[in-house]
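[1] following is a predicted model, sequence given first.
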Amino acid sequence: MRALLAAAVGLAAAAALVLAVTALGTPGGRTSPHPLLTSPPPAPGQP
């Protein structure tokens, strides 16, 4: 019975979290126009 209660509480908490995030929506602002670096810069002494 405790496991069933714990599962119900966990499910309710997860549902509340999803609803809270959905209600907040996406944050405002802009993204950077500059691309992210996908590789490290060359080591010192190498071209």
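    Good, I have the coordinates.

[2] and the spatially most central residue of the chain, how far from residue 27?
    Among the residues of the chain, the one closest to the centroid is residue 21, at 10.7 Å (Cα atoms, centre = their mean). Separation of residue 21 from residue 27 (Cβ to Cβ, to the nearest Å) stands at 11 Å. For every residue, glycine as well, the C-beta is placed using N, CA and C.

[3] what of residue 34?
    Look at residue 34 and residue 27: by Cβ to Cβ, they are 19 Å apart.

[4] and stretch 1-15, what's buried?
    Within stretch 1-15, no residue is scored as buried using 16 or more other Cβ atoms under 10 Å.

[5] pLDDT weak spots in the protein?
    Scanning the chain for pLDDT under 70 picks out the ranges 47.

[6] again, only this time at 80
    26-29, 31-32, 35-41, 46-47 (pLDDT under 80).

[7] all strands for it, in order.
    Ranges of strands within the chain: none, based on DSSP state E.

[8] all helices for it, in order.
    2-24 (DSSP state H).

[9] burial count for residue 42?
    8 (other Cβ atoms under 10 Å).

[10] dump the residue contacts of the residue nearest to the centre of the chain.
    Shown in contact with residue 21 (Cβ atoms under 8 Å, 6 or more residues apart in numbering): no residues.

[11] measure residue 42 to residue 34 for me?
    Separation of residue 42 from residue 34 (Cβ to Cβ): 20 Å.

[12] likewise residue 44?
    In terms of Cβ to Cβ, residue 44 sits 24 Å off from residue 34.

[13] ok, residue 36 - how many residues close by?
    So residue 36, with other Cβ under 10 Å, has 5 neighbours.

[14] and for the one 10 residues further on?
    By other Cβ under 10 Å, 6 other residues sit near residue 46.

[15] cool, and residue 43?
    6.
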